[in-house]
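Novice: Can you look at this prediction? I've put the sequence above it.
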Amino acid sequence: MKAFIITGTSSGIGKELTEQLLQDDDNLVIGISRSNTLEHPNFKHISLDLNDVVDIEGIEFPKWKNATQVSLIHNAGWIGPMQKMGNQEMGAIAASYLINLVAPAILSNHFIASFKESEAQKVILSISSGASHSPVEGWNTYCSAKAGLDMLSKCIDEEHEDIINLSIAPGKVDTPMQNDIRFADEKEFPRLKEFQGYHEKGELSKVAEVVEKYINILTNPSKHKNTTRISEI
């Protein structure tokens, strides 16, 4: 039996990843998101806003004594306020870092503590972004938070030899986040037309195809150790 804890399972990559994993009856999935439309005997939903660090800290993971693999997947993300620094509200700045970096750090800490005695193969997979190493005007909080998430993965890898840490970006994918980007203010996000063009020209990857790549990685995670990305934004 393999067990997976996935954030952001209400839509996009997180939802598709959950659905594909549940096609195998040997897989168990815990989904963490504010809302849920998924129902499956092997799926449990935890209703949680990743802005609320108190609620995150209170999560308890099952012990899964018979699991051969336990995986934590940091999928939830928010593009942020898409405004140049100096034009943002404090709450939006805080929310961006909470969702994209602070919540993954807290969940990673809890995951490691919960399964430190487990003999199962342990995996932490972060859904990264090309924005983690390429600055984008108007995406200051998102870029810096994703860079922090990549570094968090590298640090955990240094600290825990028994955990496979992967931080892998999916490239340009047709998700709700891409839809949000297309409605940004061009004055704050000068690359607006470029990203609108990705959609108009059909250059965005399909979610299901990208998730298949992640499934292949999770099937044999040790083969992909130290992988930083699938493709760039």
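Specialist: Structure's in. What do you need?
Novice: By mean pLDDT, which helix or strand of the protein comes out lowest?
Specialist: None of the helices or strands of the chain scores lower by mean pLDDT, DSSP states H and E than helix 53-57, at a mean of 83.
Novice: Does anything pack onto it? Which helices or strands?
Specialist: The contact analysis (3 or more CB pairs under 8 Å, 6 or more residues apart in numbering; DSSP states H and E) places helix 53-57 against helix 103-114. (C-beta placed from N, C-alpha, C; glycine too.)
Novice: contacting residues around the helix it packs on?
Specialist: Residues from elsewhere that reach helix 103-114 (CB atoms under 8 Å, 6 or more residues apart in numbering): 5, 7, 32, 50, 53, 56-57, 59-61, 63, 70, 72, 74, 76, 122, 124, 126, 149, 152, 156, 160, 163.
Novice: what about the spatially most central residue of the chain, distance to Asp49?
Specialist: Nearest residue to the geometric centre of the chain (CA atoms, centre = their mean): Asn75, 1.7 Å. Using CB to CB, to the nearest Å, Asn75 is found at 15 Å from Asp49.
Novice: cool, and Asn36?
Specialist: Distance from Asn36 to Asp49, by CB to CB: 13 Å.
Novice: So Asp185 is in contact with Lys84, correct?
Specialist: No: counting by CB atoms under 8 Å, Lys84 is not a contact partner of Asp185; they are 9.9 Å apart.
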